[in-house]
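In: sequence isn't available, so here's the structure alone:
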């Protein structure tokens, strides 16, 4: 007889209480000290392979980046990894807008100038000092300038929208642009098929791409050489996507006028043309609450229904609940495995009332609603099928 499990969720970092409160307390035990958890919930905590114990079923990252999680190893072990795309998009967008404004108007320099006015200046001399000094801080308007956006996902699309509202021309490059992302990208964005062309035509370039093996150090000397002198580079994506030595060289030669980024490095300290913030992109109350709520909801739906929506390593699968008993099944590097599963269920005289399955790379994931609860022996027969790495009884709706 299937018994409803109280799932243990171990937390790392500070997770917004408003998100944690969404866990039904009668069905989930949540905290930082739990042992042998069924799920991990974290933000930027670096997760080691040693943390992936045999009973772990899911990991939820309250944020977009997943470079702190050993995703490949999770996949091999049948552990579903979630992130929260779009939950912090507005927060990052606002920081990007601030950087664009600061890149065009030397507000920081002007404030420093005023704060350093000699105390003995008063009256007409004070006013004249200001009038003479402000000439050094003449800027440019953003209206009419060209913004190039690399990566038109949730964040890149919102940046494009606000840039257009400010009267900028917007170019976009994203070779992976597919629905449902593309409808969020305004029609006024000129989409380019060539990254070099975007660098050559943009006054300001904003990076919004994930850190993957394919784009590690993507922004290098070759790309930067396409820039017109005085281009501004913004990186609120990931530190790894730029070649730092090549950025420093481009600043020295004048191809880049300024580099705004959210990833401080020792090599950048004291550089007059580099403006680094301490990873503030998602550091707003609203972004932390949105990310926590989204991550918690994903874990609840995974454990209660088997949903894998927003998984980064499993296919995104949902199935409307019927009155049947639900089982999830995962296979790795398998072909024609579903037909063997269905045949096994047929031999056991278990009727299938609902089915949805999909594949992502080597992983296939299946949600199956049965007309009655399978026995432990019947579940073990499914687990014994070659290439099946996980069978989980979820229960009745």
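Out: Ah, there it is. Keep in mind the model is a prediction, meaning the values are calculated, not measured. Numbering: from 1, shown residues only.
In: next secondary structure after the lengthiest helix in the chain?
Out: In the chain, with assignment by DSSP state H, the single longest helix is helix 285-305. Next along the chain after helix 285-305, taking DSSP states H and E as the criterion, comes strand 325-332.
In: gap between that next one and the chain center?
Out: How far strand 325-332 lies from its chain's middle: 27 Å, per CA atoms, centre = their mean, to the nearest Å.
In: contacting residues around that strand?
Out: Outside of strand 325-332, the residues within contact range by CB atoms under 8 Å, 6 or more residues apart in numbering are 2, 75-76, 78, 305-306, 314, 319, 337, 341, 362-374, 379, 382, 387-397. Where you see a C-beta, it was placed from the backbone N, CA and C, and this is true even at glycine.
In: list the helices and strands the longest helix of the chain packs on?
Out: Other elements packing on helix 285-305 under the criterion 3 or more CB pairs under 8 Å, 6 or more residues apart in numbering; DSSP states H and E are helix 17-20, strand 39-42, strand 58-61, strand 80-82, helix 89-104, strand 388-396.
In: which of those sits closest to residue 260?
Out: helix 89-104 (4.0 Å; CB to CB).
In: residues in contact with residue 126?
Out: So residue 126 contacts residue 117 (CB under 8 Å, 6+ apart).
In: work out for me the element it sits within.
Out: Assessed by DSSP H and E, residue 126 sits inside helix 123-133.
In: helices or strands next to whatever helix or strand comes next after that helix in the packing?
Out: The C-terminal neighbour of helix 123-133 among helices and strands, as given by DSSP H and E, is strand 146-150. Helices and strands touching strand 146-150, by 3+ CB pairs under 8 Å, 6+ apart, are helix 154-165, strand 169-173, helix 195-201, strand 204-207.
In: again, only using 10 Å
Out: When contacts are defined as 3 or more CB pairs under 10 Å, 6 or more residues apart in numbering; DSSP states H and E, strand 146-150 sits against helix 89-104, helix 154-165, strand 169-173, strand 190-191, helix 195-201, strand 204-207, strand 231-235.
In: make CSV out of the ones you listed and add mean neighbour count.
Out: Listed next are the helices and strands packed on strand 146-150 as CSV, based on neighbours: other CB atoms under 10 Å:
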stretch, mean neighbour count
helix 89-104, 20
helix 154-165, 22
strand 169-173, 22
strand 190-191, 14
helix 195-201, 18
strand 204-207, 25
strand 231-235, 25
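In: need the ones you listed in JSON lines with mean pLDDT and distance to residue 48, can you?
Out: Shown next, in JSON lines, are the helices and strands packed on strand 146-150 (pLDDT from 0 to 100; distance: least, CB to CB, whole Å):
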{"stretch": "helix 89-104", "mean pLDDT": "97", "distance to residue 48": "27"}
{"stretch": "helix 154-165", "mean pLDDT": "96", "distance to residue 48": "28"}
{"stretch": "strand 169-173", "mean pLDDT": "97", "distance to residue 48": "35"}
{"stretch": "strand 190-191", "mean pLDDT": "94", "distance to residue 48": "40"}
{"stretch": "helix 195-201", "mean pLDDT": "98", "distance to residue 48": "34"}
{"stretch": "strand 204-207", "mean pLDDT": "98", "distance to residue 48": "28"}
{"stretch": "strand 231-235", "mean pLDDT": "98", "distance to residue 48": "27"}
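In: so which of those gets nearest residue 246?
Out: Of all the helices and strands packed on strand 146-150, strand 231-235 sits nearest to residue 246, with 10.8 Å by CB to CB.
In: what angle sits between the closest one and helix 154-165?
Out: Angle, strand 231-235 to helix 154-165, by axes from the mean of the first three to the mean of the last three CA atoms, to 10 degrees: 140 degrees.
In: neighbouring strands of strand 231-235 in the sheet, and parallel or not?
Out: strand 204-207 (parallel), strand 256-261 (parallel) (DSSP bridges).
In: now these in a markdown table, with distance to residue 62?
Out: Compiled in a markdown table, these are given as follows (distance: least, CB to CB, whole Å):
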| stretch | distance to residue 62 |
| --- | --- |
| strand 204-207 | 22 |
| strand 256-261 | 22 |
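In: contacts only, for the residue nearest the centre of the chain.
Out: Nearest to the geometric centre of the chain sits residue 64, at 1.7 Å (CA atoms, centre = their mean). Each residue near residue 64 by CB atoms under 10 Å, 6 or more residues apart in numbering is listed here: 83-89, 92, 153-155, 208, 210, 237-238, 281-282, 291, 312.
In: what's the end-to-end length of stretch 59-75?
Out: Distance between the boundary residues of stretch 59-75 (CA to CA, to the nearest Å) amounts to 11 Å.
In: to residue 12, which of the strands paired with strand 231-235 lies closest?
Out: Shortest distance between residue 12 and these, using CB to CB, is found for strand 256-261: 25.2 Å.
In: tell me what angle the closest one forms with helix 89-104.
Out: Using the same axes, to 10 degrees: strand 256-261 against helix 89-104 is 150 degrees.
In: what packs against the helix or strand following strand 256-261?
Out: For strand 256-261, the following helix or strand on the C-terminal side (DSSP H and E) is strand 274-276. Counting contacts by 3+ CB pairs under 10 Å, 6+ apart, strand 274-276 is packed against helix 89-104, strand 231-235, helix 244-253, strand 256-261.
In: and the helix or strand following the longest one, which residues are buried?
Out: Moving toward the C-terminus from helix 89-104, the next helix or strand (DSSP H and E) is helix 107-115. The neighbour-count criterion (16 or more other CB atoms under 10 Å) identifies residue 113 as the buried residues of helix 107-115.
In: the inter-axis angle of helix 107-115 versus helix 123-133?
Out: 160 degrees.
In: could I get the average pLDDT for helix 107-115?
Out: If you average the pLDDT over helix 107-115, you get 95.
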